[in-house]
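Novice: What would the 3D arrangement of this be:
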Amino acid sequence: MQSTRTFMDRLFLVIKGLGMGAANKVPGVSGGVVAFVAGFYEEFIYSLQKVNKTAFKLLLNGRFKSFYNYINGRFLSLLFFGMIVSYFSVSKILDYFLKHNELYVWSMFFGMIIGSIYYINKDFKIWNYKTILSLIIGIVIGISISFLDPAKENDNLWFVFFCGIISVSGMTLPGFSGSFILILLGNYVLLLVDSVNALSDTFYDIVAGNFDFIHNSARIRLLKVLVVFTLGSVTGLVTFSHILTYILKHHKNVTISAIIGFIVGSLGVVWPWKKTIYKLSEQGDFLYDSTGTKIVSNYERFIPQLNSETYLAIVYIAVGILIVLALEWYGQKTRKLNA
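Specialist: Residues are numbered from 1 along each chain as shown. Take a look at the predicted model:
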């Protein structure tokens, strides 16, 4: 029974990683919200915080098992495995549905964020002038971000490294969408579409024994960009985790109220009824990424008319809320079993 439960715990941790990875890739949705609702946010932050001088000393001294245990390796490895798999599977499925059923996908995410706000807020009872002010600041920042104009694409490696640091904000700060930040920085397509596709193509070429890609300067450039972006992301994860560990330890209530504010503010980004604005060339033609998909620049939001499409979207919002409530129910059941 215990081994079965352990296997199920591992499986669900991978599934949670899949959820975080998929959420991180969708503009406006934060993987950190998945971590918060699924009940492993603090363990995630504290585990990342263990990647420090002590961990590197253990690693350099060849004490790999001690290093693995010290950083909570089982937890992090299963979670990141799920995220990596997600980028090449679940996120691809999401890309398809965003292309063909955009309204209903956004509606479901909108509902999930509403459910997340309920989930986080229901157990938070400490409201005073500090936490209320923190909540308001979080809401204002979240809403303000959704109305910023995006920059142009920039493949300078120092800027790509900076993008990596910023992009992981969605994993460590619930309500902050790293992918939407990348849209604002102008590098969403370059870093989360073109470079990921280049890695996928390279992997298949290597499996097929085709090494012609080493002479493809465009492919090599994208792989170089992906490596630098990954290094930036790792740097950001470790840096943010240390900062957040300190803040959660010394200012937990203010931090949680700010997180609630960020999530409320992110509803403006995920608002289902919006017109997509695409990037145009100087000649006024649409710009496309490597998959042949039009490159999104930003969104123009509007109030919908009441019709069958709108009613169905509202149903999807309700489904999104129910998904979060189901996750909460499962989390409570699991905690009782493990108690």
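Novice: residues in contact with the one helix or strand residue 8 maps to?
Specialist: When elements are assigned from DSSP states H and E, residue 8 belongs to helix 2-25. Defining contact as C-beta atoms under 8 Å, 6 or more residues apart in numbering, one finds that helix 2-25 is touched by 29-31, 33-35, 38, 40, 74-75, 78-87, 89-91, 94-95, 170-171, 178-179, 192, 337. Every C-beta, even on glycine, is put in place using the N, C-alpha and C of the backbone.
Novice: List the buried residues in it.
Specialist: Across helix 2-25, burial judged by 16 or more other C-beta atoms under 10 Å covers 13-14, 16-25.
Novice: From the contacts of helix 2-25, list the buried ones, please.
Specialist: For these, a burial check counting by 16+ other C-beta under 10 Å picks out 29-31, 33-35, 38, 40, 75, 78-79, 81-83, 86-87, 90-91, 94-95, 170-171, 178-179, 192.
Novice: which stretches of the stretch 51-200 of the chain form helices?
Specialist: 53-60, 64-70, 73-87, 90-100, 102-122, 129-146, 157-167, 169-172, 178-185, 188-189, 195-207 (DSSP state H, counting those that start in this stretch).
Novice: of the ones you listed, which approaches residue 236 most closely?
Specialist: helix 157-167 (3.6 Å; C-beta to C-beta).
Novice: Ramachandran angles for residue 123?
Specialist: Dihedral pair for residue 123: phi -100, psi 0, per degrees, to the nearest 10.
Novice: I'd like to know which of the helices of the stretch 51-200 of the chain is closest to residue 232.
Specialist: Residue 232 lies closest to helix 157-167 among the helices of the stretch 51-200 of the chain, at 2.1 Å (C-beta to C-beta).
Novice: packing partners for the closest one?
Specialist: Packing partners of helix 157-167 (3 or more C-beta pairs under 8 Å, 6 or more residues apart in numbering; DSSP states H and E): helix 178-185, helix 217-250.
Novice: Give the buried residues for that helix.
Specialist: Within helix 157-167, judged by 16+ other C-beta under 10 Å, the buried ones are 159-167.
Novice: mind putting those residues in JSON lines, distance to residue 142 included?
Specialist: Output for the buried residues of helix 157-167, formatted as JSON lines (distance: C-beta to C-beta, whole Å):
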{"residue": "159", "distance to residue 142": "24"}
{"residue": "160", "distance to residue 142": "25"}
{"residue": "161", "distance to residue 142": "25"}
{"residue": "162", "distance to residue 142": "21"}
{"residue": "163", "distance to residue 142": "20"}
{"residue": "164", "distance to residue 142": "22"}
{"residue": "165", "distance to residue 142": "20"}
{"residue": "166", "distance to residue 142": "15"}
{"residue": "167", "distance to residue 142": "17"}
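Novice: For residue 248, give me its contacts.
Specialist: Contacts for residue 248 (C-beta under 8 Å, 6+ apart) come out as 42, 45, 255.
Novice: hmm, 10 Å instead?
Specialist: Residue 248 makes contact with 41-42, 45-46, 49, 255-256 under the criterion C-beta atoms under 10 Å, 6 or more residues apart in numbering.
Novice: Next one: it from residue 168, what distance?
Specialist: Look at residue 248 and residue 168: by C-beta to C-beta, to the nearest Å, they are 17 Å apart.
Novice: The helices of the stretch 51-200 of the chain into CSV, with extra columns for distance to residue 308 and mean pLDDT?
Specialist: What follows is the helices of the stretch 51-200 of the chain, written out as CSV (distance: least, C-beta to C-beta, whole Å; pLDDT from 0 to 100):
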stretch, distance to residue 308, mean pLDDT
helix 53-60, 56, 86
helix 64-70, 54, 88
helix 73-87, 33, 86
helix 90-100, 18, 71
helix 102-122, 12, 83
helix 129-146, 28, 86
helix 157-167, 38, 87
helix 169-172, 34, 70
helix 178-185, 29, 75
helix 188-189, 32, 76
helix 195-207, 36, 84
